[in-house]
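> Provided below for reference: sequence and predicted model.
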Amino acid sequence: MKPEIVKLLQDLNFTEYEARAYLALLNKSPLSGYAVSLESGVPRSKIYEVLSGLVERGEVLVSHEEPSLYTPLPPQELVRLKKRRSEASLKAAEMALEQYSFVSSNRENIWNITGTDAILERAADTIRRADTRVLLEIWPEEALLLEKELRAAAARGLDVLLVVYGELDFDFAQVYPHDSSEEITQEYGGRWIVVSADDREVVAGIVSLGADSRAAWTMHPGLVIPITEVIVHDLYIYELMQAHRETLEATFGPNLIELRKRYNAGPNGYSIATRLGLGGQ
């Protein structure tokens with residue numbers, strides 16, 4: 001009995017004694033329990049316990065006669081059986097651990113993400129986990145890179161709402177163009193992304209600085225709620241402008257520019273990259 005084959009079966013969740021008994025039956029069957037013990041080297045005091053476990057899992061068949069005779073499941077069927085069980089177990093574990101360890105271990109943490117690719121991958125993961133709603137503030141460049149995940153979310157029945165700085169045609173989502181998109185891009189010297197999934201998880205940060213891009217990912221409710229409200233607030237502004245643009249612009253200037261000047265974080269040209277000390281784009 002080759003040790004490497006015994007080890008292979010152990011990798012398939014057989015014990016050493018189970019592997020020896022199964023291989024003995026492959027070599028010669030049907031056999032009585034006593035004969036399996038002789039052929040495999042499994043002690044007589046253990047053989048019926050070992051065979052009982054194999055029978056219970058459907059990996060060995062037993063006859064109802066006296067004495068009972070045992071025969072193995074053919075190797076191809078055994079492999080298919082193991083594969084089905086393994087896939088089912090992995091799927092169940094994935095669902096259970098997703099709900100338990102992911103949420104519980106990350107609810108109080110804030111994680112830093114560096115680099116545009118890593119930020120967009122985390123945003124994609126966040127969208128894939130969403131169950132009810134996805135909100136985004138985004139530029140068309142990054143929206144197109146997340147189109148696959150956003151389209152899939154819409155196909156699952158989720159509400160997908162995007163506040164977009166620029167022009168974007170997504171027929172599967174609710175797209176709200178942000179006023180003064182060009183001015184904002186120039187004013188801040190870069191592009192950012194904000195993703196909120198189910199009002200439970202957010203990714204927010206700068207994405208236009210390549211390897212120097214920075215973002216945060218968190219499920220901390222103290223940050224998720226106000227960051228989500230930033231997107232919702234822009235949706236409010238969009239609705240107000242659609243209904244009362246003439247009146248509002250008469251008071252605050254085209255695209256509410258006077259309000260932007262009043263509350264601007266810094267003079268035009270004082271870019272994101274400068275504020276972060278990261279150099280130019």
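Thanks, I have it. Numbering: from 1, shown residues only.
> how close does residue 144 get to residue 118?
Going from residue 144 to residue 118 by C-beta to C-beta, to the nearest Å gives 18 Å. (Glycine included, C-beta is placed from N, CA and C.)
> name the helices or strands packed onto whichever helix or strand residue 135 is part of?
Per DSSP states H and E: residue 135 is located in strand 133-138. Based on contacts counted as 3 or more C-beta pairs under 8 Å, 6 or more residues apart in numbering; DSSP states H and E, the elements that strand 133-138 packs against are helix 147-155, strand 159-164, strand 192-197, helix 221-252.
> which one of those is the most hemmed in?
Highest mean neighbour count among the helices and strands packed on strand 133-138 (mean count of other C-beta atoms under 10 Å): strand 192-197, with a mean of 25.
> CA atoms only: put whichever helix or strand comes after that strand into CSV for me.
Once the chain leaves strand 192-197, the next helix or strand it forms, by DSSP H and E, is strand 201-206. Provided in CSV are the C-alpha atoms of strand 201-206 (Å, rounded to 0.1, in the frame of the first residue of the first chain):
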residue,chain,number,x,y,z
GLU,A,201,-20.1,50.6,4.3
VAL,A,202,-18.3,53.4,2.5
VAL,A,203,-15.2,53.9,0.4
ALA,A,204,-14.1,57.6,0.0
GLY,A,205,-11.0,59.2,-1.3
ILE,A,206,-8.9,60.7,-4.1
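> okay, now the unreliable bits of the chain?
1, 98-107, 181, 185-188, 264-281 (pLDDT under 70).
> ok, now which residue in it is the farthest from the centroid?
residue 66 (54.9 Å; C-alpha atoms, centre = their mean).
> measure that one to residue 33 for me?
12 Å.
> with residue 239 instead?
77 Å.
> and for residue 222?
64 Å.
> again, but for residue 60
11 Å.
> how's this structure carved up into domains?
3-73, 110-276 (automatic domain parsing).
> coming back round to it: reformat the helices and strands packed on strand 133-138 as a markdown table; add distance to residue 122.
As requested, the helices and strands packed on strand 133-138 are arranged in a markdown table below (distance: least, C-beta to C-beta, whole Å):
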| stretch | distance to residue 122 |
| --- | --- |
| helix 147-155 | 11 |
| strand 159-164 | 18 |
| strand 192-197 | 9 |
| helix 221-252 | 14 |
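> what helix or strand does the nearest residue to residue 13 once chain neighbours are set aside sit in?
Spatial nearest neighbour of residue 13, excluding adjacent residues (C-beta to C-beta, 6 or more residues apart in numbering): residue 82 at 7.7 Å. Assigned by DSSP H and E, residue 82 belongs to helix 75-97.
> that helix: how far from the chain's middle?
21 Å (C-alpha atoms, centre = their mean, to the nearest Å).
> can you count the residues close to the residue nearest to residue 169 when sequence neighbours are not counted?
Excluding the flanking residues, the one nearest residue 169 by C-beta to C-beta, 6+ apart is residue 175, at 7.6 Å. Number of residues near residue 175 (other C-beta atoms under 10 Å) recorded here: 18.
> ok so, going back, wait, the residue nearest to residue 13 touches residue 12, no?
Yes - counting by C-beta atoms under 8 Å, residue 82 does reach residue 12; the two are 5.4 Å apart.
> once you drop chain neighbours, what's closest to residue 224?
residue 202 (5.1 Å).
> confirm that residue 176 sits in a helix.
No - per DSSP: H, G, I helix; E, B strand; the rest coil, residue 176 lies outside any helix segment and is strand.
> residue 73: neighbour count?
Neighbours around residue 73, by other C-beta under 10 Å: 19.
> check contacts around it.
Shown in contact with residue 73 (C-beta atoms under 8 Å, 6 or more residues apart in numbering): 58, 59, 60, 61, 81.
> which residues touch the last one?
Applying C-beta under 8 Å, 6+ apart, one finds that residue 81 lies in contact with 58, 59, 73.
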